[in-house]
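>>> Predicted coordinates and the sequence they were generated for:
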Amino acid sequence: MHATAYANSNIAFIKYWGNRDETLRLPSNSSLSMNLNGVFTRTTVHWDDTLKQDHLILNGQDQTGEPLMRVSQHLDAIRKRLNLTSYAQVDSENNFPMGAGIASSASSFAALTVAGFTAAGASEVSEREMTTIARLGSGSASRSIPTGFVEWHAADRHEDSYAESIATPDHWDLVDVIAIVSSAHKEVGSKQGHPSANTSDLQSARVAGADDRLQICKTAILDHDFDTFAEVVERDSNLMHAVMMTSRPALFYWQPASLTVMSAVRRWRADGLQVCYTLDAGPNVHCLCTARDAETIQRELSTLDGVKDVRFAAVGAGARS
Ligand code: PMV
């Protein structure tokens, strides 16, 4: 009873920040993202009746404590759904640095979910249901299961808060050119960050406008309208960071080099390049551009002060086993 699954990470255009229900990870607002081709986690799950507890190997190292506990809790959700009693051996590897604004929890919990169900031979579990279970491990993981461009619906009930594809990877040749300004592990991860969202006076305004921004962004994607896309993506990222900076305690993810990149991106767009920025809970800047301008953006980024590395990812497929 074992299976291996691959899941790409994803970058949100309309962000998820804050939950209406922390335990079920029901988000305060719906979100929209694209999967990042080739920025992935590979996970093997082996359900084994002889084990006395779950085991986790992460990037070649045996894990105990918090990482094992989070994986074990997620396996509990799969066990509960399938009435399984076995423990599992989990072997997981990322091909990118963890905790630096490239969501490792998204690809990790997506791959763990798909590998867990596949290893148990649970072909009756639909993609939609798998996205709801992945969500319990990490909200953004729900968006790494469907293919291409993905919307995750906010809802009041577990079964209604699922993710689905709105367009396949070949729909639009967007590229995420990631300016790495730091690869250190972030100080406050999103798991601790979400509960702080409601301590900001700005969160209710951000959430109130989220559906409008999502519709504008979705229509821009479907119409290949880069200018509209760029405006709403940057506005949404700025709104999330405004909430973070005004939470108690305040969370500042931007570094001086992040701002250098953000202002360069705005200048390049004013000069006619199709590029905009978005940042997650970390200092690295995701520069979203069309394939036409990706090489120019990469070249220009590597000349900026504080940019340590530049990575590329086109629109990726969904999780697969
Ligand atoms: O899924 P989590 O708990 O890692 O939260 C992700 C939060 C952001 O990356 C900041 C935004 C998003 O929608 O991906």
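Right, received. Where do you want to start?
>>> Leu24 belongs to a helix, doesn't it?
No: read with DSSP: H, G, I helix; E, B strand; the rest coil, Leu24 is coil and lies in no helix.
>>> wait, isn't it in contact with Leu136?
Yes: with contact defined as CB atoms under 8 Å, Leu24 counts as touching Leu136 (6.9 Å). Every residue, glycine included, has its C-beta placed from N, CA and C.
>>> and the protein, which residues reach the ligand?
Within the chain, the positions adjacent to the ligand are 12, 15-17, 31, 103, 105-106, 138-140, 190-191, 280-281 by CB under 6 Å from any ligand atom.
>>> More neighbours: which of Leu24 and Leu136?
Leu136 (20 against 15; other CB atoms under 10 Å).
>>> elements contacting the helix or strand containing that one?
Using DSSP states H and E, Leu136 sits within helix 127-137. Helices and strands touching helix 127-137, by 3 or more CB pairs under 8 Å, 6 or more residues apart in numbering; DSSP states H and E, are helix 65-82, helix 104-119, strand 163-167.
>>> Format the ones you listed as CSV; extra columns: mean neighbour count and mean pLDDT.
CSV is the format used below for the helices and strands packed on helix 127-137 (neighbours: other CB atoms under 10 Å; pLDDT from 0 to 100):
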stretch, mean neighbour count, mean pLDDT
helix 65-82, 16, 97
helix 104-119, 28, 96
strand 163-167, 20, 98
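>>> can I get these in TSV with distance to Ala184?
Compiled in TSV, the helices and strands packed on helix 127-137 are given as follows (distance: least, CB to CB, whole Å):
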stretch	distance to Ala184
helix 65-82	18
helix 104-119	14
strand 163-167	30
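>>> closest one to Thr41 among these?
Closest to Thr41 of the helices and strands packed on helix 127-137 is helix 104-119 (CB to CB; 3.9 Å).
>>> Specify the angle between that closest one and helix 65-82 in degrees.
Between helix 104-119 and helix 65-82, the angle comes out at 40 degrees (axes from the mean of the first three to the mean of the last three CA atoms, to 10 degrees).
>>> I'd like the distance from helix 104-119 to the chain centre, please.
Put simply, helix 104-119 sits 13 Å off its chain's centre (CA atoms, centre = their mean, to the nearest Å).
>>> the inter-axis angle of it versus strand 163-167?
Angle of helix 104-119 versus strand 163-167, following the same axes, to 10 degrees, is 100 degrees.
>>> Quick one: the strands in the chain, in order.
Assigned by DSSP state E, the chain shows strands spanning 2-14, 19-21, 26-27, 31-48, 55-58, 61-63, 87-94, 149-152, 163-167, 174-180, 275-278, 285-290, 309-314.
>>> what packs against the first one?
Counting contacts by 3+ CB pairs under 8 Å, 6+ apart, strand 2-14 packs against strand 31-48, helix 104-119, helix 210-223, helix 226-245, strand 275-278, strand 285-290.
>>> Please work out which of those is packed deepest.
Neighbour counts (mean count of other CB atoms under 10 Å) averaged over each of these peak at helix 104-119, with a mean of 28.
>>> Could you export the helices and strands packed on strand 2-14 as a markdown table, including distance to Thr260?
Output for these, formatted as a markdown table (distance: least, CB to CB, whole Å):
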| stretch | distance to Thr260 |
| --- | --- |
| strand 31-48 | 23 |
| helix 104-119 | 25 |
| helix 210-223 | 26 |
| helix 226-245 | 16 |
| strand 275-278 | 11 |
| strand 285-290 | 9 |
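>>> Specify the stretch among those that is closest to Asp76.
helix 104-119 (10.6 Å).
>>> so who does Phe109 touch?
Residues in contact with Phe109 (CB atoms under 8 Å, 6 or more residues apart in numbering) are 74, 134, 137-138, 141, 144.
>>> Between those residues, which sits nearest the ligand?
Using CB to the nearest ligand atom, Ser138 comes nearest to the ligand of the contacts of Phe109, at 4.0 Å.
>>> Touching, the closest one and Ala106? I think so.
Yes: between Ser138 and Ala106 there is a contact at 6.1 Å, judged by CB under 8 Å.
>>> Could you identify the buried members of the residues of the chain next to the ligand?
Buried residues within these, counting neighbours by 16 or more other CB atoms under 10 Å: 12, 15-17, 31, 103, 105-106, 138-140, 190, 280-281.
>>> Format those as a markdown table; extra columns: distance to Ser204.
What follows is these, written out as a markdown table (distance: CB to CB, whole Å):
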| residue | distance to Ser204 |
| --- | --- |
| Ala12 | 20 |
| Lys15 | 15 |
| Tyr16 | 16 |
| Trp17 | 12 |
| Ser31 | 17 |
| Ala103 | 25 |
| Ser105 | 26 |
| Ala106 | 26 |
| Ser138 | 24 |
| Gly139 | 19 |
| Ser140 | 22 |
| Ser190 | 20 |
| Asp280 | 22 |
| Ala281 | 20 |
